[in-house]
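Asks: Following is a predicted model, sequence given first.
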Amino acid sequence: MPRSPTITYDDVAAIADRLKAAGKRPSPRLILEEHGSGSLGTIHPLFKQWESRQAQGVDINITLSPVLQRALLEYVGQQVAGAKAELEERLALSEQAAADLARENERQASILEENAASITQLQELLAAAGGRAQQMESDLADAQERAQRSQHEAESARTELAKAELRLEAMPRLESDLENVRAELQQERAARHAADQAAAVAAAQRDSLQERLGEEKARAEQASERFEQLASEAKVLTSELGNTRVSLEAAQTRLDATSKEADVLRAALQETKTELRSVQQEVAELRGQGPRP
């Protein structure tokens, strides 16, 4: 938005009239010194407007006698000479004002060039900061994706751990079955011992007892196989539980590291956005500045 002028035509006219009344020759430089603000580029056209109004006169059609005409011509000649001197003085002042305006224009052009260079530099900084912000946003998205993958892995590990814990909860039942098998084995052994004793006492029942002994041996072998099978399953479950716990700990470690990396990237992104807003504000302020009128 353009700035309001610090000096108006009314100000210039009032100061020029005051200088003229004080017996001084008004000029743009004197008006600038008297007013204390504005610039020669602004005061000069306003001063010319005031001069043009001062030059306006009133046409009077009057018939004079020859004597008066000669006296008037002499008076006009004197006035023309005075006016010529005044015009020469005003011309010198105008030339001085033009020189002042030229220097002022050169100064304003230098300021414009410096502002243009500053704006270009700030635009480059703005572009670089925008690139860094985009890269950091991409890195943050990657980190968030890795964090989500790690979280999924942790959830899977927790699920596997829960399954393993369920299997471990079933261990007491397996141990109870194992104890029952052992009891049955002891019973079978006792029965076999009793059968051996009965065979020694009753030879007549030896054939029947030998057949029963074979059956008892088969049942004992089956019970022993069942015991070995349960023991093997218990070892496998224990090994799977250990592996699941190791996987869960590793997944938790990766999740913690990814979360820390995401926090660092968020902090860096916030700083870059703050810097970006500062650069944008500075660019806007420099664009708002221009050569003073």
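Replies: It's in.

Asks: Backbone torsions only: list them for the residue lying closest to residue 35 once chain neighbours are set aside.
Replies: Spatially, and ignoring its direct neighbours in sequence, residue 35 is nearest to residue 7 (5.5 Å; Cβ to Cβ, 6 or more residues apart in numbering). Where C-beta positions appear, they are placed from N, C-alpha and C, glycine not excepted. Phi and psi for residue 7, reported as degrees, to the nearest 10, are phi -140, psi 140.

Asks: Residue 7 touches residue 41, doesn't it?
Replies: No: judged on Cβ atoms under 8 Å, residue 7 makes no contact with residue 41 at a distance of 11.0 Å.

Asks: These two: which is more packed in?
Replies: For the pair residue 7 and residue 41, the greater number of neighbours falls to residue 7 (19 against 16), based on other Cβ atoms under 10 Å.

Asks: And the pLDDT for that one?
Replies: We note a pLDDT of 89 for residue 7 in this prediction.

Asks: same thing with residue 121?
Replies: 86.

Asks: Around it, count how many other residues there are.
Replies: 12.

Asks: That one is in what secondary structure piece?
Replies: Using DSSP states H and E, the element containing residue 121 is helix 66-169.

Asks: following that helix, which helix or strand shows up next?
Replies: Per DSSP H and E, the first helix or strand lying C-terminal to helix 66-169 is helix 171-201.

Asks: Report the angle between the following helix or strand past that following helix and helix 66-169.
Replies: As assigned by DSSP H and E, the chain's next helix or strand after helix 171-201 is helix 206-288. If you take axes from the mean of the first three to the mean of the last three Cα atoms, to 10 degrees, helix 206-288 sits at 170 degrees to helix 66-169.

Asks: Can you name every helix or strand that helix 206-288 contacts?
Replies: Counting contacts by 3 or more Cβ pairs under 8 Å, 6 or more residues apart in numbering; DSSP states H and E, helix 206-288 is packed against helix 66-169, helix 171-201.

Asks: angle of that helix against helix 171-201?
Replies: 170 degrees.

Asks: mind putting the helices and strands packed on helix 206-288 in CSV, distance to residue 269 included?
Replies: CSV is the format used below for those (distance: least, Cβ to Cβ, whole Å):
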stretch, distance to residue 269
helix 66-169, 5
helix 171-201, 51
